[in-house]
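Asks: Can you look at this prediction? I've put the sequence above it.
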Amino acid sequence: MPLSVIILAAGKGTRMKSSIPKVLHKLANKPLVEHVYDTAKDLGAEEVIVIYGHGGDQVKASCKHFDAKWVEQKEQLGTGHAVMQAFDSVNLNNNVLVLYGDVPLTKKETLENLLDNSEGKVGLLSVNLHNPFGYGRILRNDKKQVTGIVEQKDASEEQQKIQEVNTGILSCNGETLKRLLNNIDNKNSQGEYYLTDIFELAEKDKIEIKTAQPESSYEVEGVNNRLQLATLERIYQRNIADELMTNGVALADPSRIDVRGKVEISNDVYIDINAVFEGKVKIGSGTNIGPNCVINNSVIGENVNIKANCVIENAIVENNCEIGPFARLRPETHLSVNVKVGNFVEIKKANIGDGSKVNHLSYIGDTDMGKNVNVGAGTITCNYDGANKHKTVIGDNVFVGSDTQLIAPVNISNGVTIGAGATVTKDVSEDMLVISRSPQKTISGWQRPLKKK
């Protein structure tokens with residue numbers, strides 16, 4: 001049966017102590033609600049309806065890339081009331097799955113299990129907790145069939161001993177869900193319309209209630225404060241670390257790696273502590289990543305050695321390169337095979353040819369560099385004139401002496417040698433020697449100035 005997903009994301013999140021709506025707080029650098037949305041799309045949802053309320057403009061602006069329908073819950077009158085707001089927007093002929101914008105780690109497989117063989121039934125995702133305080137308890141009859149749910153504040157002392165609790169996640173045919181919700185009331189301690197009241201009504205109408213449970217309780221844990229957010233962050237990151245190690249990646253410490261996007265890392269890659277991966281990152285076999293490196297939206301080839309404290313962003317690094325320590329590759333950098341980029345080197349929007357070396361304290365920007373070029377320490381491509389960027393072209397087998405400035409636009413042909421301390425402002429033909437410096441003067445009998453008393 002086609003699937004519609006309703007995501008409840010209207011809560012204020014007072015306990016977050018923040019002006020940011022709760023569902024926009026980030027886990028792995030992605031808003032909580034986006035984790036839920038992505039899961040809904042992975043399930044193949046025909047439509048997604050997001051119920052928003054507090055901070056609605058912020059939520060819609062941050063999530064404008066969602067392929068979703070947006071419905072405002074103007075009054076916060078409970079979860080049942082929130083779902084009712086979607087009925088004018090949802091296809092009631094579909095199976096409807098209700099998810100929560102602050103419950104980010106529910107697995108696709110868990111929800112598929114809930115949805116399997118659920119036609120004509122109400123699906124309920126429950127979980128057994130050692131300490132169920134605060135949760136609605138699942139009520140069952142002698143045949144272990146669900147007869148309803150009682151909230152913590154409305155539960156008797158005996159009912160509070162029940163360890164099977166409601167997660168809030170449920171599925172039901174749209175028409176059936178609407179009919180059941182139209183019959184609930186708000187006669188409870190909170191004066192709210194509880195979504196969970198539909199289960200008692202379903203049992204009375206002889207509608208079978210199918211239950212399913214997640215493998216781990218963290219899948220259904222919500223975020224109400226920053227402590228809970230931090231706890232789920234570490235669970236999320238540890239799960240990724242475990243998967244990487246299972247697939248042959250060596251981690252110096254699986255508790256000190258952060259993946260904030262999607263990574264594709266081959267076997268026999270070694271990752272030292274405090275590595276951060278953002279966006280889409282691909283890393284080839286045999287590569288070594290030193291401590292405290294940040295790699296963002298980049299492709300790293302095989303047998304690359306990235307030393308400590310490097311930052312790589314929107315770059316391509318081919319096989320057998322060596323980078324760092326303390327190097328920065330900025331967007332549109334492309335290192336060909338066997339390139340060496342050393343300490344305190346910054347490269348931006350540059351192609352560095354096979355076997356070339358930029359080893360020390362240099363800036364290379366807006367540059368096409370050929371093969372087997374050696375760039376000395378302190379070299380700068382002066383690519384910005386205060387208004388516009390200009391390009392530097394360096395041919396094959398060029399030697400650039402230390403403390404050289406290449407004033408773009410400039411073209412250095414194959415085989416050129418540039419002496420240390422040069423300032424190059426004009427194009428240079430092949431195999432030329434370039435020297436640009438003031439003649440050295442030596443003065444005998446020089447008396448260094450003395451400090452006045």
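Replies: Thanks, I have it.

Asks: Could you pull out the buried residues of the longest helix seen in the chain?
Replies: With secondary structure taken from DSSP state H, the chain has its longest helix at helix 226-246. Using 16 or more other Cβ atoms under 10 Å as the test for burial, helix 226-246 gives Leu229, Leu232, Glu233, Ile235, Tyr236, Gln237, Ile240, Ala241, Leu244. All C-beta atoms are positioned from the backbone trio N, CA, C, and that covers glycine.

Asks: who does that helix touch, helix- and strand-wise?
Replies: Contacting helix 226-246 under the criterion 3 or more Cβ pairs under 8 Å, 6 or more residues apart in numbering; DSSP states H and E are the following elements: strand 26-27, strand 250-251, strand 257-265.

Asks: got the contact list for that helix?
Replies: 16-17, 25, 27-28, 104-105, 218, 221-223, 251, 254-255, 257-259, 263, 265, 271 (Cβ atoms under 8 Å, 6 or more residues apart in numbering).

Asks: Can you flag the buried ones in these?
Replies: For the contacts of helix 226-246, buried by 16+ other Cβ under 10 Å: 16, 25, 27-28, 104-105, 218, 221-223, 251, 257-259, 263, 265, 271.

Asks: Show me what stretch 210-218 is in contact with.
Replies: Residues contacting stretch 210-218 (Cβ under 8 Å, 6+ apart): 105-107, 110, 113-114, 117-118, 121-129, 138, 146, 167, 220, 232, 235.

Asks: at 7 Å instead, please
Replies: 105-107, 110, 113-114, 118, 121, 123-127, 129, 146, 220, 232, 235 (Cβ atoms under 7 Å, 6 or more residues apart in numbering).

Asks: Let's see which of those residues end up in helices.
Replies: Thr110, Asn113, Leu114, Leu232, Ile235.

Asks: ok, so of those residues, who is nearest Gly134?
Replies: Leu232 (16.9 Å; Cβ to Cβ).

Asks: The closest one and Val276, how far apart?
Replies: Distance of Leu232 to Val276, computed by Cβ to Cβ, to the nearest Å: 18 Å.

Asks: cool, and Leu450?
Replies: From Leu450 to Val276 the distance is 54 Å (Cβ to Cβ).

Asks: So the two - more neighbours on which side?
Replies: When neighbours are counted by other Cβ atoms under 10 Å, Val276 comes out ahead of the other of Leu450 and Val276, with 16 against 6.

Asks: element containing that one?
Replies: strand 275-283 (DSSP states H and E).

Asks: Can you name the next helix or strand after that strand?
Replies: strand 288-289.

Asks: What average pLDDT does stretch 213-221 get?
Replies: What stretch 213-221 shows for mean pLDDT is 96.

Asks: How far off centre is that stretch?
Replies: Relative to the centre of its chain, stretch 213-221 is centred 21 Å away, using Cα atoms, centre = their mean, to the nearest Å.

Asks: Now do that stretch: distance from first to last residue.
Replies: 13 Å (Cα to Cα, to the nearest Å).

Asks: just stretch 16-23 next, same as before
Replies: 10 Å.

Asks: Now that stretch: buried residues?
Replies: Met16, Pro21, Lys22, Val23.

Asks: Just give the closest residue to the third one, not the sequence neighbours.
Replies: Right, the one you point to is Lys22. Excluding its sequence neighbours, the residue lying closest to Lys22 (Cβ to Cβ, 6 or more residues apart in numbering) is Gly13, at 2.5 Å.

Asks: From Val23, how far out is the one you found?
Replies: With Cβ to Cβ as the criterion, Gly13 and Val23 are 8 Å apart.

Asks: likewise Asn372?
Replies: Plainly put, Asn372 is 54 Å away from Val23 if you go by Cβ to Cβ.

Asks: and what of Asn359?
Replies: Applying Cβ to Cβ to Asn359 and Val23 gives a distance of 48 Å.

Asks: Likewise for Ile289?
Replies: Ile289 sits 33 Å away from Val23, going by Cβ to Cβ.

Asks: Next: Ala422.
Replies: Counting by Cβ to Cβ - Ala422 and Val23 are separated by 57 Å.

Asks: Same question for Lys452.
Replies: With Cβ to Cβ as the criterion, Lys452 and Val23 are 69 Å apart.

Asks: cool, and Ile184?
Replies: Taking Cβ to Cβ, one finds Ile184 at 25 Å from Val23.

Asks: low-confidence ranges in the stretch 51-200 of the chain?
Replies: For the stretch 51-200 of the chain, no stretch has pLDDT under 70.

Asks: again, 90 this time
Replies: Across the stretch 51-200 of the chain, the ranges flagged by pLDDT under 90 are 54-56, 74-76, 117-120, 134, 147-148, 151-154, 185-192, 194, 196-197, 200.

Asks: from what I can see Tyr100 touches Gly222, true?
Replies: Yes - counting by Cβ atoms under 7 Å, Tyr100 does reach Gly222; the two are 6.3 Å apart.

Asks: hey, where'd the helices end up in the protein?
Replies: Using DSSP H, helices in the chain cover 32-42, 56-62, 79-84, 108-115, 174-181, 198-204, 226-246.

Asks: how about TSV for those, with distance to Ser189 added?
Replies: Formatted as TSV, the helices of the chain follow (distance: least, Cβ to Cβ, whole Å):
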stretch	distance to Ser189
helix 32-42	28
helix 56-62	28
helix 79-84	15
helix 108-115	29
helix 174-181	20
helix 198-204	16
helix 226-246	24
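
Asks: just so I know, which of those lies nearest Asp403?
Replies: Nearest to Asp403, of all the helices of the chain, is helix 226-246, at 43.2 Å by Cβ to Cβ.

Asks: what is the rounded mean pLDDT of that closest one?
Replies: pLDDT averaged over helix 226-246 gives 98.
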